[in-house]
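Visitor: model this:
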Amino acid sequence: MIDIVGKIGSMALINKELDNIDEDIFAKICWRLKPGMVWVSSGAVEIGMRDYIARNGKEVDASSEAAKTDYAAQGQATLMQMYRKHIAPEYSVRQVLVEHNHFNNDVKREHIRELLLRAASQRAVPIVNYNDAVSVEESRKMEIQSVKNKKGSVVELVDNDETASQIACMVNAKVLLILSTLEGIYADINDKNSLIKEVSASSYSSVEKKLDLMREACSGASRAGANGANAKLDYIKPCLAQGMKVIIASAKYDIQDIVTSKVPSTMIYIK
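Guide: Below you'll find the model as predicted:
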């Protein structure tokens, strides 16, 4: 029922010249969002910070963790306002805020899966984001360690790349689309002509080996605290193992053009 799970990074939603929300990007994305798609959107903290400064002339007076909480709470409202403004009015828009514990508990995980699947049949577009506003880092680390001790493995949801990958697996999507400020994965991030356009093989194990080799060359991220291409290539492995196609591309391009290979991107799949 779910054709595409998409994700957009925080900085792809920001106009660098104006240092503010890039409404053109929102309009371009939302033009293509429809039922049968799940959209994972970062941006609450970055947008909330800019919104707060615009209204108050300064940053919040708080510790870095408290500031992130405050900005996320403020940014969520603006983020959803932008999606509701630009998604076709005949479709419902539903906010889904998730945390790591939702993915490490079978009952909660199934609850979210059913919510997302129902949205497809109810003409609704789910907008998913990690719930930074109520996430306490110290408590989060303790909870994750507790799950590791019990199960040996854990979903951490370090960032929304991991969130999108987990959701794509959860709903058995056909395509996982990851949008950022770059056109895909580069063999050399300093050489814009080194874009890796395709990674494919006849088996998952062969694709995985190629990804691991790519990860050795990957470094850097779009902003402080982000995990960059290296982490993306690790998070998408479960999706590929399920037979999903993964596309990493620039948010400046039309979604339809990306999935039909009309514009540059990195496409990863099993033949």
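Visitor: C-alpha only now, for contacts and for neighbours.
Guide: OK.
Visitor: quick one, strands of this structure?
Guide: Taking DSSP state E as the criterion, the chain carries its strands at 4-8, 14-15, 20-21, 37-41, 92-98, 124-130, 175-180, 185-186, 195-196, 198-201, 245-250, 266-270.
Visitor: can these go into TSV with extra columns for mean neighbour count?
Guide: Output for these, formatted as TSV (neighbours: other C-alpha atoms under 10 Å):
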stretch	mean neighbour count
strand 4-8	26
strand 14-15	18
strand 20-21	20
strand 37-41	25
strand 92-98	16
strand 124-130	23
strand 175-180	24
strand 185-186	23
strand 195-196	18
strand 198-201	16
strand 245-250	24
strand 266-270	21
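Visitor: and the nearest residue to E59 once chain neighbours are set aside, how far from S10?
Guide: For E59, ignoring the flanking residues on the chain, the nearest one in space by C-alpha to C-alpha, 6 or more residues apart in numbering is I53 at 5.5 Å. I53 is 17 Å from S10, where distance means C-alpha to C-alpha, to the nearest Å.
Visitor: neighbour-wise, which of these two wins?
Guide: The residue with more neighbours, out of I53 and S10, is S10; 21 against 12, by other C-alpha atoms under 10 Å.
Visitor: mind listing what's buried in stretch 46-57?
Guide: Residues E46, I47, G48, M49, R50, D51, Y52 are the ones in stretch 46-57 that count as buried (16 or more other C-alpha atoms under 10 Å).
Visitor: what is the nearest of those residues to M244?
Guide: For the buried residues of stretch 46-57, the residue nearest M244 by C-alpha to C-alpha is E46; the value is 30.4 Å.
Visitor: correct me, but that closest one touches Y71?
Guide: Yes - at 7.4 Å, E46 counts as touching Y71 under the criterion of C-alpha atoms under 8 Å.
Visitor: mean pLDDT and distance to C169 added to the strands of the chain, as JSON lines?
Guide: Listed next are the strands of the chain as JSON lines, based on pLDDT from 0 to 100; distance: least, C-alpha to C-alpha, whole Å:
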{"stretch": "strand 4-8", "mean pLDDT": "98", "distance to C169": "9"}
{"stretch": "strand 14-15", "mean pLDDT": "96", "distance to C169": "28"}
{"stretch": "strand 20-21", "mean pLDDT": "94", "distance to C169": "30"}
{"stretch": "strand 37-41", "mean pLDDT": "98", "distance to C169": "12"}
{"stretch": "strand 92-98", "mean pLDDT": "97", "distance to C169": "15"}
{"stretch": "strand 124-130", "mean pLDDT": "97", "distance to C169": "15"}
{"stretch": "strand 175-180", "mean pLDDT": "97", "distance to C169": "9"}
{"stretch": "strand 185-186", "mean pLDDT": "93", "distance to C169": "22"}
{"stretch": "strand 195-196", "mean pLDDT": "95", "distance to C169": "24"}
{"stretch": "strand 198-201", "mean pLDDT": "96", "distance to C169": "19"}
{"stretch": "strand 245-250", "mean pLDDT": "98", "distance to C169": "11"}
{"stretch": "strand 266-270", "mean pLDDT": "97", "distance to C169": "14"}
